[in-house]
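In: Sequence plus predicted model, see below.
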Amino acid sequence: MAIVEVTSFFRGGRRSTNWYLRVRSALTPYGAIASNLPAHGTIVDLGSGHGLLAFTLVLASDRREIIGIDHDLERVRLAQAAALNLPPASRPRFELSDLGEALRSFGSASLTGVAMVDMLHYFDRVTQRTLIEEAARVLAPGGVLAVREIDADAGIKAAFNRLYERLATGIGFTQSGTRTLSFRGAREWTALLEAAGFSVRSQPCGPPFLADVLFVAQRKL
């Protein structure tokens with residue numbers, strides 16, 4: 001099911017929310033991200049927001065169990081309401097929680113996939129490392145961590161990303177737990193993932209005028 005159909009689950013909501021979801025869908029290739037995650041097993045979408053990736057994942061494979069976790073009560077409520085458009089057996093589950101605490105609650109090697117899309121830069125560098133290390137712990141060997149982040153070394157493209165993020169946080173569409181945003185270059189993100197025990201490949205993941213990169217990190221066997 002295409003992402004435009006996923007956004008239709010939210011029809012009837014506030015105009016500002018619908019506008020935001022349309023923009024997010026245009027800027028984020030959820031289908032491409034989903035295709036890089038395992039087609040089976042339990043996958044956690046950490047920082048799931050309204051659930052656009054979670055819905056894309058569950059609709060693309062009925063062998064996935066999807067758990068979306070976010071710290072924003074309103075977005076979790078909207079995602080839960082949108083999930084009612086699906087049959088009970090096909091619904092992703094959405095939970096309200098601190099992201100770090102939620103990840104720590106999973107057993108070692110208990111997941112096949114973890115997604116962190118556009119969320120690590122809202123945390124300081126120490127927390128970024130901790131979240132990636134926790135993802136390595138909870139993933140089974142061969143499991144995949146999909147991270148989309150900004151390549152801070154990409155010049156003018158990265159400047160457009162920073163502007164978008166500051167506008168989104170400034171008007172309240174995105175909530176940041178810190179006052180500053182912590183960006184890294186693509187090489188630094190790759191090194192951080194490799195240090196946690198992943199093999200990493202990366203690819204552009206967004207409009208050509210932005211510096212978004214998808215890092216597909218596989219837990220080493």
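Out: Good, I have the coordinates.
In: Helices of this structure, residue ranges please.
Out: For the chain, helices defined by DSSP state H occupy the ranges 3-7, 15-27, 30-35, 52-60, 73-83, 99-104, 125-138, 156-170, 186-195.
In: Listing request: residues of this structure with sub-threshold pLDDT.
Out: Low-confidence segments of the chain, defined by pLDDT under 70, span residues 1-4, 168-179.
In: related to what we said a few turns ago, which one, of the helices of the chain, ends up nearest to Gln203?
Out: helix 30-35 (8.3 Å; CB to CB). All C-beta spots, glycine's among them, are computed from the backbone N, C-alpha and C.
In: tell me which residues of that closest one are tucked away?
Out: When burial is assessed from 16 or more other CB atoms under 10 Å, helix 30-35 yields the following buried residues: 30-34.
In: List just the nearest of the residues you listed to His121.
Out: Of all the buried residues of helix 30-35, His121 sits closest to Ile33, with 16.4 Å by CB to CB.
In: For the closest residue to that closest one other than its chain neighbours, the count of nearby residues, please.
Out: The shortest distance from Ile33 to any residue that is not its chain neighbour, by CB to CB, 6 or more residues apart in numbering, is 5.7 Å, and that residue is Ala146. A count of nearby residues for Ala146, using other CB atoms under 10 Å, gives 24.
In: so what's Ala146 bridging to?
Out: Ala115, Val216 (DSSP bridges).
In: circling back to that earlier point, distance to Ala135 added to the buried residues of helix 30-35, as TSV?
Out: Below are these laid out as TSV (distance: CB to CB, whole Å):
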residue	distance to Ala135
Tyr30	19
Gly31	22
Ala32	20
Ile33	15
Ala34	17
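In: what's the burial count for Phe10?
Out: Each residue near Phe10 was counted by other CB under 10 Å, and the total is 22.
In: my guess is it meets Trp19, correct?
Out: No: Phe10 sits out of contact with Trp19 when judged by CB atoms under 8 Å, with a separation of 11.0 Å.
In: Can you get me the start-to-end distance on stretch 21-37?
Out: By CA to CA, to the nearest Å, the extent of stretch 21-37 from end to end equals 22 Å.
In: what's the answer for stretch 88-99, then?
Out: Across its full length, stretch 88-99 reaches 25 Å end to end, with CA to CA as the criterion.
In: repeat for stretch 62-75
Out: Between the start and the finish of stretch 62-75 there is a gap of 24 Å, counting by CA to CA.
In: and for it, what are the contacting residues?
Out: 38-51, 53-54, 57-58, 76, 79, 90, 92-99, 102-103, 175, 177 (CB atoms under 8 Å, 6 or more residues apart in numbering).
In: Any buried residues in that stretch, and which?
Out: Counting neighbours by 16+ other CB under 10 Å, stretch 62-75 gives 64, 66-72, 75 as buried.
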